[in-house]
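Asker: Turn this into a model:
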Amino acid sequence: MSMGDRIKQFLVENSISQRAFADSIGVTEGSVSHYINKGVHPSLAVLEKIRTLYGLDLLAREQPCRELVEALKSFEAFIEVVNARRDKINDQDRIQTSVDLIGSTDLILTLERSTAFEDLRAAKEKIIDELNKIEAEAKAHINKKLEEYSQLKPAHLKE
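Answerer: Down below sits the predicted model:
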């Protein structure tokens, strides 16, 4: 429920006119109409007056949005770690990786000639493909959540 919808519901439930509400919080009736009908959000000072006079905390339901933003930031940090690991895999050349794993140049040459090396290469490519899919899904999810968050963000805080 939007902030405007919550204001409207409060006024109806308490039989308060928009004019009386506007007068009590020190704004015009037109401002209250904009809060209700146009999605305009009151200033923080007006929100505080509403909370003080009527006990109506219009920011109380904004808390899940803040938690969502923090969760998205954590998720973005996770994506950065995944990307760093993927980049590390891409940056290591296959011979050096084999040297690190096996520790012997002679065994590397043998492995390069064997089908086992091809299996390792195929497995590496599969892992990279999976990481790319996870990254794409994560970015799409983050973009969707950020779009939802921007829809919920008070107008005076939108960039």
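Asker: Where does the prediction get shaky in the protein?
Answerer: 61-73, 86-120, 150, 153-159 (pLDDT under 70).
Asker: could you say what helices and strands the longest helix along it packs with?
Answerer: Criterion DSSP state H: the longest helix present in the chain is helix 115-152. Counting contacts by 3 or more CB pairs under 8 Å, 6 or more residues apart in numbering; DSSP states H and E, helix 115-152 packs against helix 63-91, helix 94-102. Heads up, the C-betas are built off the backbone N, CA and C, glycines and all.
Asker: how about a cut-off of 10 Å?
Answerer: If contacts are counted by 3 or more CB pairs under 10 Å, 6 or more residues apart in numbering; DSSP states H and E, helix 115-152 sits against helix 63-91, helix 94-102, helix 105-113.
Asker: domain parsing for this structure?
Answerer: Per automatic domain parsing, the structural domains of the chain span 3-58, 63-157.
Asker: Now do the buried residues in stretch 42-49.
Answerer: Of all the residues in stretch 42-49, those buried under the rule 16 or more other CB atoms under 10 Å are 42, 46-47, 49.
Asker: meant to ask about stretch 4-21
Answerer: Neighbour-count burial for stretch 4-21, counted by 16+ other CB under 10 Å, picks out 4, 6-8, 10-11, 18, 21.
Asker: Which ones among the residues you listed map onto helices?
Answerer: 4, 6-8, 10-11, 18, 21.
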